[in-house]
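> kindly generate the corresponding structure for this input.
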Amino acid sequence: MRKILLLILFITSPLFSQVKLISWNVENLGSSKSPSDLLYIVNILKDYDVVALQEVVAGDGGAQAVAKLADELNRKGSKWDYTISDPTSSSAYKTERYAFLWKTSKVKKIGDAWLEKKYHLEIDREPYYCTFDFKGKSFTIVNFHAITKSRQPETEIKYFKFLPEVYPNLNLLFVGDFNCPQSHTVFNPLRKMGFLPVFLNQKTSLKRECNEDICLASEFDNIWYNNSKISVVNSKVVHFYESFKTLKEAREISDHIPIVLEFNLS
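This is a model prediction of the structure:
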């Protein structure tokens with residue numbers, strides 16, 4: 001009995017605690033999302049500690065939709081806070097907002113979140129940074145939504161290799177929708193610096209229709225982490241579309257699936 005008790009204490013000790021991060025391109029999160037859509041999204045997000053959202057509408061209802069998500073999350077038993085970016089400045093293509101939400105009992109936000117300044121002209125929807133403290137150690141999420149594949153996202157992702165030098169004291173995680181597979185050579189400089197992708201050959205965007213039970217189209221969303229500073233505990237994707245009768249219905253929520261990383265800080 002004593003051995004079992006010691007094992008339980010060991011497994012539940014802080015040594016075994018980790019951060020559960022979920023990233024999701026929620027596709028036009030704004031007034032087009034119904035109350036039931038928002039509640040559906042909340043019921044997925046509530047099980048995680050930190051949420052990174054891409055494609056929050058800059059105009060009609062985007063900030064309000066994030067506030068509603070936070071309000072509903074706060075009804076689920078844990079205290080949540082959130083921050084929303086200003087509209088991205090490089091509006092030649094499509095300006096958007098980013099958002100972070102987090103459980104205040106699990107992590108603490110350090111300072112203000114910010115949009116990338118140095119490369120905001122080179123990167124169309126410049127990434128949104130937020131630094132969090134977890135048990136005395138910090139990490140910074142770089143929340144990003146690249147231009148579409150047809151517009152060659154590698155032409156802006158190539159600037160990411162400079163960001164670890166711009167922020168040498170930050171433990172960066174590059175998170176979001178890159179519209180580009182991790183196998184692309186544009187990521188080689190990050191790999192040489194010790195960054196690794198969480199997902200390999202994992203498609204994350206939805207097809208218009210499933211074809212012989214194949215419902216995912218492209219390998220776009222990922223999380224890149226510094227393997228000398230972060231230890232991966234677990235990772236997965238959330239096949240939320242399986243709870244809908246058709247992909248058309250699922251795409252009312254989003255045309256991407258969420259990606260999840262559970263990690264410890266080294």
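> only C-alpha atoms from now on, for both contacts and neighbour counts.
Noted.
> just the strands in this protein please.
19-29, 50-57, 80-84, 96-103, 108-115, 128-134, 137-145, 172-177, 195-197, 206-211, 214-216, 221-226, 230-237, 259-265 (DSSP state E).
> next, the angle strand 128-134 makes with the first one.
Taking axes from the mean of the first three to the mean of the last three Cα atoms, to 10 degrees, strand 19-29 and strand 128-134 form an angle of 150 degrees between their directions.
> roughly how far is strand 19-29 from the heart of the chain?
With Cα atoms, centre = their mean, to the nearest Å as the basis, strand 19-29 stands 5 Å off its chain's centre.
> name the residues that touch it?
45, 48-57, 61-62, 65-66, 106, 134, 145, 175-177, 253-264 (Cα atoms under 8 Å, 6 or more residues apart in numbering).
> buried ones in stretch 221-234, by neighbour count?
In terms of neighbour count (16 or more other Cα atoms under 10 Å), stretch 221-234 has its buried residues at 221-227, 230.
> what mean pLDDT does it get?
Averaged across stretch 221-234, pLDDT comes to 98.
> got the CA coordinates for stretch 127-147 in CSV?
What follows is stretch 127-147, C-alpha atoms only, in CSV (Å, rounded to 0.1, in the frame of the first residue of the first chain):
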residue,chain,number,x,y,z
PRO,A,127,3.3,37.0,-36.1
TYR,A,128,2.0,37.7,-32.7
TYR,A,129,4.2,36.9,-29.7
CYS,A,130,3.2,36.2,-26.1
THR,A,131,5.5,35.1,-23.3
PHE,A,132,4.3,32.9,-20.5
ASP,A,133,5.8,31.7,-17.2
PHE,A,134,5.3,28.1,-16.2
LYS,A,135,6.8,27.1,-12.8
GLY,A,136,9.5,29.8,-13.0
LYS,A,137,10.5,29.1,-16.6
SER,A,138,9.3,31.0,-19.6
PHE,A,139,8.4,30.3,-23.2
THR,A,140,7.2,32.6,-26.0
ILE,A,141,4.7,31.5,-28.6
VAL,A,142,5.1,33.0,-32.0
ASN,A,143,1.5,32.8,-33.4
PHE,A,144,1.5,32.8,-37.2
HIS,A,145,-0.7,32.5,-40.3
ALA,A,146,1.2,32.5,-43.6
ILE,A,147,0.0,33.7,-47.0
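> circling back: so for residue 249, which of the strands of the chain sits nearest?
For the strands of the chain, proximity to residue 249 was assessed by Cα to Cα; strand 206-211 is nearest, at 10.4 Å.
> sheet partners, orientation included, of that closest one?
strand 214-216 (antiparallel) (DSSP bridges).
> buried ones in the strand it pairs with, by neighbour count?
215-216.
> got it, and stretch 206-218?
Applying 16+ other Cα under 10 Å to stretch 206-218 flags 206-207, 215-218 as buried.
> quick one: which of the residues you listed is nearest to residue 99?
Looking across the buried residues of stretch 206-218 and measuring by Cα to Cα, the closest to residue 99 is residue 206, at 21.9 Å.
> can you get me a residue count around the closest residue to residue 120 other than its chain neighbours?
In space, and not counting its chain neighbours, residue 120 is closest to residue 126: 5.1 Å by Cα to Cα, 6 or more residues apart in numbering. Residue 126: 28 surrounding residues under other Cα atoms under 10 Å.
> what residues of stretch 181-193 count as buried?
181-182, 186-188, 190-191.
> cool, stretch 241-257 as well?
241, 247-248, 250-251, 253-257.
> over to stretch 47-65?
For stretch 47-65, a neighbour-count test (16+ other Cα under 10 Å) marks 48-58, 61-63, 65 as buried.
> mind checking how far that stretch is from the chain centre?
With Cα atoms, centre = their mean, you get 11 Å for stretch 47-65.
> then it to CSV, C-alphas only?
This file holds the C-alpha atoms of stretch 47-65, laid out as CSV (Å, rounded to 0.1, in the frame of the first residue of the first chain):
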residue,chain,number,x,y,z
ASP,A,47,-9.1,20.8,-21.9
TYR,A,48,-5.9,22.7,-22.6
ASP,A,49,-3.8,25.3,-20.8
VAL,A,50,-2.8,27.7,-23.6
VAL,A,51,-4.7,28.4,-26.8
ALA,A,52,-3.2,30.0,-29.9
LEU,A,53,-5.8,31.1,-32.5
GLN,A,54,-5.2,32.2,-36.1
GLU,A,55,-7.6,33.8,-38.6
VAL,A,56,-9.6,36.0,-36.1
VAL,A,57,-11.5,38.5,-38.3
ALA,A,58,-10.0,42.0,-38.1
GLY,A,59,-13.3,43.6,-38.8
ASP,A,60,-16.8,42.3,-38.1
GLY,A,61,-17.0,40.7,-34.7
GLY,A,62,-13.5,39.1,-34.4
ALA,A,63,-12.5,40.6,-31.1
GLN,A,64,-16.0,40.1,-29.7
ALA,A,65,-16.0,36.4,-30.7
